[in-house]
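K.L.:
Okay, structure incoming, though there's no sequence with it:
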Ligand SMILES: Nc1ncnc2c1ncn2[C@@H]1O[C@H](COP(=O)(O)OP(=O)(O)OP(=O)(O)O)[C@@H](O)[C@H]1O
Ligand SMILES: Nc1ncnc2c1ncn2[C@@H]1O[C@H](COP(=O)(O)OP(=O)(O)OP(=O)(O)O)[C@@H](O)[C@H]1O
Ligand SMILES: [Mg+2]
Ligand SMILES: [Mg+2]
Ligand SMILES: O=P([O-])([O-])[O-]
């Protein structure tokens, strides 16, 4: 019996084996699409930007302070005003979202009952799911009129309104991810601090906050990255005036808003205006890419090990 | 859900091109489709220049243009064997807008406007702009500038005719693709000046006022007109408001005229455009022009049927 | 007892440091000294600080909630009276009066609405759903079930997390250059759907991976032990278990996609459609809700602001419905496990 | 000054409360011969608290003798069901030099009662071991001493727990202040993800004892028998230490602020034998200066290091409390004997 | 054709490998009087494998007797260090009617070796129990039989494992085909979240045995002694059953496809005594038709249900393999005796 020849070879039993081998390649193909996407993005952007930079010098692009790409007789291509606009929105929205989001996370993780948390957290997350164009509408129809009441010099389009709505939009990114990080701080650490006579305030700020710092920082970076790339809200709210100004109530233009302007406007393929789209897109991509790398680095560098 | 009536005609007509002209073509298309509900006339607005590129590549069958075709674009079309018909369909006036409380500035000459809007202009306040023989003292307040964005035909036209060359404009003006926003900008600040389609002004008369233009170098518009002219329906349709009124066109692909639904659509366009133009804050081209173009169209249709 | 109260008042007036020194004689844990600060008067300042901090935290939480309420209220108020059944079932119009419900009776053509855009958005989402379902789940299966622990795998995963952070307008640019121009699809439904697919793919992959990871290994072992091949195991055991989680992730991502404006704007969504796009002709032109809303918001007449608000309400309703469905699926799934 | 008066009166007050019939617990009032019905003349005693304690413990021992006789009888009739009447443990739950006195202490988690009328004292500068099978409420009792149970939403405490005569469950007691006097070491070492130095300094800083922090930290590490091993790496993370070192770090952290009492909840259960014996040595050492209460699963450990032992049994009852030698050599309760000899639990 | 030849030669080759000195393990080569230095005449035997087996087992027993004597001596000198020389287990690891033969089987997880040169046979239609302390590699061995170890990334197998004379680690063996011959039941019941019927039908469907599915399912449930209990609820989820029922369902699932061998990894460890005894009855029942290998922690269980027992000890060594009665009554190794009598592990 035990010597009876037995066939355990692959071909001998073909039920599902072909599908089995095919599946592996198909699934790998699906995963490869993501790599192809990145490649395509880089290729498209670099390709367009190369054309652009054959006309415009890198020095002019990165150091010029005047952005007039459409001027017929003397166009100038200093990206600084656009980067400045993006920075104003980013910094402004971070100033709103980071403190509010962090405090919200502390409240949800340390103070709120689990019932409150279960209701409030997803409610706040709705904010992140509302289409950005709605935020643009909201800024124009609600925020800016209020700002104009407070500070009459406020323009119809202003950086402040843009920063406020973008800030509101990214609050849940900060609060949810930070809250996750704080909740994953083991209770044993809290107990240790309480056992030493720490107050709840001290436990929250001196123990939980530092212990979840990497998660919180990663949340900040992700939120900032989102603010940098935010498009429709700032296009509608902050305007289309590429200028370097310190006045938050003045109009600005972000890189993304410029892209929309060109995208909807009269830029013909091959024109310098069209090519500038790719140069700006590449700059934007590089900025968000750096933010992503930063966030990965934070996570790996400061990975919490509690044990 | 089907709306409108079925005339038996069927097919797709892709329309693209000027942002500015889009509302007019869209309205014509809308009305056409109520009568021919199996024809899908979709209107996009990627801009006059981008539109011409697609037009030359036969990606679209009807082009909206806020300016005549350039030599380069014409060449491009010819290379691809695209023959076209240019039809003037609306007139537009570019209005200069100010805040309702601005009672010092009533009229500016084209030269003054050029000095004000050109790139590197050193005029910063209304006082800087004040003409020598003015009755009133103009406030020493900084002017803020609004206008259509650099990607628009309106911008091209305005800069070309006011500052002398396309794209020559001060770089602290705020350009937007949405004329509505220009109105809002003007309303928001007493010391603002802006330019945009005149039609938008008439939709928002409470929010802004017009500045008249004095075209000293231009043709004399005639006795019935003052030197300072504001854009009104009369002044524009009589082409007296100069240099800031301009015609806009559709470009029709001759080969497409072989399609009955396309034919019908272009006919319908010419028939209705005078009326639709006014509904979307443009101005009607004169009856004679329409009549002439109809003949041209019918002749072209002959060739293709 | 009353003496105790006296102590309280006296300690509050002194500074924290001095109180601390009096209440805990340093280095002398002698039990006979019963000078205890039971009521925490020496740390009163800290408690006050804590109360203020709690107030701050609570206020911060309320900011988000209030902003959400304000946003929804603003949109609803602007849209009130403009959102009618006709608005949902008629094509859009260039004429503001066509949208005013009181005018409906006397119009030459018909009321204005956003019917073709609603359907266009739904088509767009259906196509996007099909593509992402296939690509996203496929990639997740590869990464969770097949991929070896190699540098290539780590690279792919890092790449996916990077893609999740690329701004949507850059995807629009990609769609414009690759699908519309290079692949000659034109400004079409398929170009829009493919662009949105690439946009949400990273999120779908990550969430699907999580769902697959949540399937207990004992299930896989049971299947292999029964003589199933890898593919049989995945198809018959792993996927059915992970489907609720995957569906939740996909629906949530789609609800993001349906509101995206920048990508379809770059791809060239049409702004005027009389009838919905033709699903059988995926290279035909298409319109979608967010694009139409953007268009309306740019219109000169003040009435269009209300029309835009009405459009936003429709968009948000669809979006919240999708979210609700996702939550329902998740809850049902949670109960089972 | 008045605080001091307070302290001196504490003994008196606690004596008072210990004989006050617990209004909450109806089951007690009817129990005949219970210690609670002691003649009230003690309430009149207004002398120094020490003497009150002495007086009380004398009367207690007679009472407990009676109770033990009663329980022994019950124990024979139905093993596993015999409970000391009126939640009065066998042995001598009153001690002369009590720092902490639990009086009819009930703890509930939601609807389930985890501790039933615990009455026991923890003597000063001795090691008191709490033993008993898993789930019997040892940790719960420990946590109720420094009110760590406050942090558990569902936990509810009834009855009194006196610390130096003051009922810590009175409204005017701030648990934060209490915990500064009563330090705690947990089952699993839980150093903060900070440097070793900062770990130990944490309590000092939180409590505002900011002078000579360095000196105090070093002393604490020294006392925790850890200094030699970590002297050169005070700036490195406390998480990089071994389990046993981490636990000694936690002990150093607890003693750095110089509390009076140190509560330890199975401090060595996560450690290997070598680390465990170091901790045990340390506990004996600490008892010279601190009052130590330690929960342990390990009977041998309890026998080795403690002076007094409290045996809890399933259901949250304190069954017997006495000198450790007595408990391990000759327990009064059969169930305790069974438990200690490993017959059950 | 070549497969068949292969099969016939397997016995010969395995015999060869069993006497080949293990090159990997330097410490062994120096052992004097080791079984590895058996005279090589067995390699010359090229007759049918059955006879080889017989011959080999005869020579093995003499060898093991020698080894056991040696080990017994070593056991006295230093308990816990004595290992049978050359990874040759005590007892009689060769059986006549072997279905599965492990030859110098090493399993590694990454760099750590979990099994050291296992040599043992599993006889046909008998119950073979694998016992030993936690972590000694019982599960690892079981998983290496049907190549479930393939699913663990870090796992690596060296040496041979023959199934019907075919080395299953050869390149042309498809683990899926192998697992269709060798069913498996796991420690924790793991029914699919499908109906009871679909659970049992699962194996049939994936193996393409789609005829008479219903009949086969019912038969399997019947044999697994579950049919009576679930007859009316075949469409309900397998997860709604009790733990013991779930485990019988898993057994039904395993036998529905009619494998030759059933591997069970502590199938009753998650179950209560009643459920356990049902499973035990079932195992004895199954052995009439199937070859069963069962891992268990429970010595009594092994003694009750198995015909042969293999004792693994810490470090991944197979120490003794013999008839169950022999192992439990009179084991050759002192360490096995210690283990079985509960003295360690
Ligand atoms: N946070 C809690 N919520 C609800 N019940 C709890 C909680 N903590 C403990 N319990 C319950 O209270 C009882 C006593 O628990 P406790 O932790 O005090 O036991 P223990 O004697 O310390 O046991 P162990 O030796 O296992 O640590 C147990 O029945 C336990 O289930
Ligand atoms: N997946 C794995 N990766 C790495 N090491 C493993 C893995 N599985 C088991 N091991 C190690 O291999 C050794 C043997 O493990 P195995 O599970 O075979 O033991 P066992 O005898 O079944 O123990 P138990 O009775 O506890 O189930 C152990 O030291 C274990 O730590
Ligand atoms: Mg405990
Ligand atoms: Mg095991
Ligand atoms: O869109 P334009 O009309 O400005 O080209």
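P.N.:
That came through fine. Here the structure is a predicted model, which is why all the values come from computation and not from measurement. Ligands and ions are numbered 1, 2, ... in the order given.
K.L.:
Only C-alpha atoms from now on, for both contacts and neighbour counts.
P.N.:
Noted.
K.L.:
what's the neighbour count on residue B:126?
P.N.:
22 (other Cα atoms under 10 Å in any protein chain shown).
K.L.:
do the same with residue C:200
P.N.:
Residue neighbour count, defined by other Cα under 10 Å, stands at 23 for residue C:200.
K.L.:
The residue most central in space within chain D and residue D:146, how far apart?
P.N.:
Note on chain D: the residue nearest the mean C-alpha position is residue D:293, at 4.2 Å, using Cα atoms, centre = their mean. As for residue D:293, its distance to residue D:146 is 12 Å (criterion: Cα to Cα, to the nearest Å).
K.L.:
got it, and residue D:166?
P.N.:
Noted for residue D:166: a distance of 13 Å to residue D:146, by Cα to Cα.
K.L.:
What of residue C:326?
P.N.:
45 Å.
K.L.:
Of these two, which one has the most company?
P.N.:
The neighbour comparison of residue C:326 against residue D:146 (other Cα under 10 Å) goes to residue D:146, with 29 against 22.
K.L.:
Find the nearest non-adjacent residue to the more buried one, please.
P.N.:
What sits nearest to residue D:146 in space, not counting adjacent residues and going by Cα to Cα, 6 or more residues apart in numbering or on different chains, is residue D:179, at 5.5 Å.
K.L.:
what's the spacing between that neighbour and residue B:22?
P.N.:
From residue D:179 to residue B:22 the distance is 74 Å (Cα to Cα).
K.L.:
before we move on, what about residue B:71?
P.N.:
To residue B:22, residue B:71 is 23 Å away according to Cα to Cα.
K.L.:
Residue D:136 too?
P.N.:
Counting by Cα to Cα, the separation of residue D:136 from residue B:22 is 80 Å.
K.L.:
who's more crowded, these two?
P.N.:
residue B:22 (26 against 21).
K.L.:
quick one: the helices in the stretch 151-300 of chain C?
P.N.:
Taking DSSP state H, counting those that start in this stretch, the helices of the stretch 151-300 of chain C run over residues C:151-163, C:168-174, C:189-214, C:217-225, C:230-233, C:239-257, C:262-267, C:289-298.
K.L.:
got JSON lines for those helices, with distance to ligand 2 and mean pLDDT too?
P.N.:
Compiled in JSON lines, those are given as follows (distance: least, Cα to the nearest ligand atom, whole Å; pLDDT from 0 to 100):
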{"stretch": "helix C:151-163", "distance to ligand 2": "20", "mean pLDDT": "93"}
{"stretch": "helix C:168-174", "distance to ligand 2": "42", "mean pLDDT": "94"}
{"stretch": "helix C:189-214", "distance to ligand 2": "16", "mean pLDDT": "94"}
{"stretch": "helix C:217-225", "distance to ligand 2": "12", "mean pLDDT": "91"}
{"stretch": "helix C:230-233", "distance to ligand 2": "19", "mean pLDDT": "89"}
{"stretch": "helix C:239-257", "distance to ligand 2": "23", "mean pLDDT": "91"}
{"stretch": "helix C:262-267", "distance to ligand 2": "46", "mean pLDDT": "91"}
{"stretch": "helix C:289-298", "distance to ligand 2": "51", "mean pLDDT": "88"}
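K.L.:
what kind of secondary structure is the residue nearest to the centre of chain D in?
P.N.:
Here residue D:293 is recorded as strand under DSSP: H, G, I helix; E, B strand; the rest coil.
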